[in-house]
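J.: Let's see this in three dimensions:
(one chain, ligands or ions: 1)
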Amino acid sequence: MTTLMDTVARPPVYAGVNARSVVPGRQRWEAGLVLRRPRLARILESALIRSEGISRAQVNPVTGGVLVFHDATVNSTEVAHLVRSTVALIAENVAKLLAGTDPVTDGSACPSSAGAPAVSRSTLSGIAVAGGTAAVLAVGARNLLNKSMLAFGGVVTATALIIRRAWRRAGEHVDDGAHQRASHPLLRIVGRHRGRLALASVLSAVCQISEMALSLFIGWIAVVLIKGESAMLTGMGLVGAANQLWFLAGVTALVCLAVACLSYASGIEWRTLGQAIQHDWRNETYAHVQHLELGHLEGERTTRIAGALTDDVNQLGTFFAVSANEVVQVVTSFLVLVPVFLTLAPQIAWIAFLPVPIVAWLSFHYHDRVAADYSVSNEDRTKLHSRLVNSLEASATVKSFCAEDYEAERIRDLSETYRRSNHRTDQSAVQHTETVRVCTTASMAGMMLLGGRAVLNGTLRFEVFSPLIGLPQQVLWRLTRLGSTVDQYQRTLAAFDRVERLRGLPLEPDGNGKRLDPREVSGDIVLDQVTFAYPGRPPALENLSLRIAPGRVTGIVGATGSGKTTVAKLIMRFQDAGSGRVLIDGQDIRHLPRKDVRRAVGFVAQDPFLFDGTIEENICYGTFEASHDRAVEAARMAEAHGFIEAMPMRYDTLIGERGAALSGGQRQRIALARAILKNSPVVILDEATSAVDNETEAAIQRTLKVFAADRTLVVIAHRLSTIRQADWIYVLDKGGVVAEEGTHAELLGHDGLYASLWRLQAGEKVA
Ligand SMILES: Nc1ncnc2c1ncn2[C@@H]1O[C@H](COP(=O)(O)OP(=O)(O)OP(=O)(O)O)[C@@H](O)[C@H]1O
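T.: Sure thing, here's the model as predicted:
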């Protein structure tokens, strides 16, 4: 496939494109180049779509957003490179691409955009330094106060604009272009706990104000010690240094106590909020995952789903438990400090707050730069985790192939990749924190110098300056943590994106209101011209028609991969047929509620899953209200009672994860007992006794005869002895077509596929 990329030998890197979020299979970018340029947006979109591995691309000229979906043939880094390079190529050829274009969609519809790629970005940069520039210009002004106020105005404007823009963009990038929602992601994360958020915020704010008051009192103590007495306190009737000291010490102690109480209360409130958010998101997401279509569940890695439900959901709560508290404290500090400085020391206000827009800009710029790195690092962690779990689960297989070193090597490689991607994010984080520290320290020095000079030349009273010295320091110091707050914010948005993606997967569609009462099901099952293919695979079943007669035993045999299990999955409605119909008692199962269908059909899978728990809990799974006696009766019918009784704890024996403490045959018999206990009118046994010995299987078949007397039994098996007694047998061939059908005797008489299989299994010589 020829793509726009093929024409570029070494694509230049275009700076005006920033990653907004990267999750497996999907990336979101922001390209200033296409902003208000619908034609360029269309060109970029089609260039991306034509690229190898890209399944979908959307470019929005209104927001500048680029949304790319890709398959597993390309990894996140390659897609990131593709997006950057494609934007770079288009940026280089803007004039050519816009020339001779149709007047409806090209630049003529938006003349301001011509020749101004990434206008918004350069505007942002301009704004970011506006405070500093204003401050520098202001130094030349005649009136000292005007000069200071002008500089301060620049600082405030720059801060407000930077924060406003960052907030808006954060809200944009988590949404799909097609599903823009009004509220910010953080508000959506908080959900119904906004009241608690407000309470925690108020407590934090009051706590912060009390803390600032504390340093005010400490500053006054310094004034009393240096000057002998504070004029302000004397004016309030407190005469004498000793009295003033006692008063200030007493008030300081009281405020300390208040700070401790408020800090405790707000800490508890934030943590409770974090826990409540985690609890809600975990439960709601898990409930959603439980109702996903099986195809989607199988398509997602289990460890990835588990990661979203644990790490990502925890991240959502942790942000509020820790970082949000800091944000509230910083904001409160500024809301208090700005008027205080403007009133008491306007001449040094600008230098005190100058680091704010710079640090804010640096933090949001950092956030832009490392967004993709964080997502890649998360992805690497998931892969490592998945591989670790896999190789631990497969330890017997690994040992049997003496592949311990091979597995260790694979883990080492993945760990190395994870280490490298983590190193990138760590490096950026440390760089950012240290840059912020330099800015804030420089501002402190500047404030000391300017404030000190103002005190010396008499334009500022020492009594005012002394308590104020500590305040900005206290707040600016917090700004050094803004890097990690932004870091947490970034992680939270990425986690939110992953959780939302999981919650965006479609649920199993249900019937159209008709009900199926399992007690009235006779078990007449028909597959009528059914064709079904797994995604990206050739059809597993093609125009398959067969009937499973009610109250009878139907056997299905066939070559491996011929679609026997797929037939069972269609009857269980784990999957829906691509074309054709599956009928139960004459009703198309697509029109019936899945739960009704699944209640009517019992299924024992080829590799049954047993839960970590006791034998009895596993037998009663799904029939939770069943008594011990019923569980024992089911176990007897499945020929499981004997070995269970021989165990030290009998039915209370713990069987470990996936029933690891049982043999394959024992696991199968417990799964069979579970299906028997369910007592559904239709039962499908998919190789349900393949792991038990012939003698036990014969015993099971004898009891199953009694069990099957009043129900429909479908037996899928490779071992023909398992199904020879069936009332009717279907022999499937490759591609899911019926090669032969009939009773055991009739099929032997045909001397076809079944007969040759029978002879093979019976040990006869095959010609
Ligand atoms: N989840 C899946 N995703 C993609 N393809 C699948 C999936 N499950 C089965 N297949 C494919 O569908 C075809 C039919 O599989 P199915 O499990 O129904 O065969 P089977 O007759 O039960 O095989 P066996 O006797 O080995 O159990 C096979 O080619 C298989 O590779």
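
J.: And the strands in this protein?
T.: Taking DSSP state E as the test, the strands found in the chain are 17-23, 26-31, 54-60, 65-70, 525-532, 541-548, 553-558, 579-584, 587-588, 601-604, 682-686, 712-716, 728-733, 737-742.

J.: Strand partners (parallel or antiparallel) of the last one?
T.: Strand 737-742 has these partner strands in its sheet, going by DSSP bridges: strand 728-733 (antiparallel).

J.: What residues sit buried inside the partner strand?
T.: Across strand 728-733, burial judged by 16 or more other CB atoms under 10 Å covers 728-732. C-beta coordinates here come from the backbone N, C-alpha and C atoms, glycine included.

J.: Equivalent analysis for stretch 430-447, please.
T.: Quick answer for stretch 430-447 (16+ other CB under 10 Å): 432-433, 435-437, 439-440, 443-444, 446-447.

J.: from the residues you listed, which is closest to residue 554?
T.: In terms of CB to CB, no member of these lies closer to residue 554 than residue 432, at 67.1 Å.

J.: and that closest one, what is it in contact with?
T.: Taking CB atoms under 8 Å, 6 or more residues apart in numbering, we find residue 432 in contact with 362-363, 366, 483, 486.

J.: and the gap between it and residue 222?
T.: The gap separating residue 432 from residue 222 is 34 Å, by CB to CB, to the nearest Å.

J.: Quick check: closest non-adjacent residue to the residue of the stretch 401-550 of the chain found nearest the ligand.
T.: Per CB to the nearest ligand atom, the residue of the stretch 401-550 of the chain with the smallest distance to the ligand is residue 534, at 3.2 Å. Leaving aside its sequence neighbours, residue 534 sits nearest to residue 540 (CB to CB, 6 or more residues apart in numbering; 6.2 Å).

J.: wait, that neighbour sits on residue 532?
T.: Yes. The pair residue 540 / residue 532 is scored as a contact, 5.7 Å apart, by CB atoms under 8 Å.

J.: Which of the contacts of residue 432 scores worst on pLDDT?
T.: Among the contacts of residue 432, residue 483 carries the lowest pLDDT, at 63.

J.: pLDDT at whichever residue of the stretch 201-350 of the chain sits closest to the ligand, what is it?
T.: Residue of the stretch 201-350 of the chain nearest the ligand, by CB to the nearest ligand atom: residue 298 (5.1 Å). Residue 298 carries a pLDDT value of 71.

J.: May I have the predicted confidence score for residue 260?
T.: At residue 260, the pLDDT value in this model is 94.

J.: Get me the contact residues on the stretch 451-600 of the chain for the ligand.
T.: Contacts of the stretch 451-600 of the chain with the ligand, taken as CB under 6 Å from any ligand atom, map to 534, 537, 540, 558, 560-566.

J.: filter the residues you listed to the buried ones?
T.: Buried by 16+ other CB under 10 Å: 540, 558, 562-566, out of these.

J.: ok, back up a step: do you know how far the residue of the stretch 201-350 of the chain closest to the ligand is from residue 575?
T.: Counting by CB to CB, the separation of residue 298 from residue 575 is 10 Å.

J.: what about the two, which has more around it?
T.: Taking neighbours as other CB atoms under 10 Å, residue 298 and residue 575 compare with residue 575 leading, 18 against 14.

J.: Isn't that one up against residue 566?
T.: Yes. Contact criterion CB under 8 Å: residue 575 and residue 566 qualify, at 7.4 Å.

J.: what sits in contact with each of those two?
T.: Counting by CB under 8 Å, 6+ apart, the residues touching both residue 575 and residue 566 are residue 532.

J.: Between all of the buried residues of strand 728-733, which two are at the greatest distance?
T.: Distances among the buried residues of strand 728-733 were taken as CB to CB; the most separated pair is 728 and 732, at 13.5 Å.

J.: Kindly reformat the residues of the stretch 451-600 of the chain next to the ligand as CSV containing pLDDT.
T.: Formatted as CSV, these follow (pLDDT from 0 to 100):
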residue, pLDDT
534, 85
537, 82
540, 87
558, 86
560, 85
561, 86
562, 86
563, 88
564, 89
565, 90
566, 91
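
J.: can you tell me which of those residues are in helices?
T.: Residues of these located in helices (DSSP state H): 564-566.

J.: number of nearby residues for residue 96?
T.: Neighbour tally, residue 96, other CB under 10 Å: 9.

J.: Could you check the pLDDT of it?
T.: 72.

J.: go on, residue 81?
T.: pLDDT, read off for residue 81, is 80.

J.: Next one: it relative to residue 47, how far apart?
T.: For residue 81, the distance to residue 47 (CB to CB) stands at 14 Å.

J.: Mind checking which of the two has more residues around it?
T.: Neighbour totals were compared for residue 81 and residue 47, and residue 47 leads with 21 against 15 (other CB under 10 Å).
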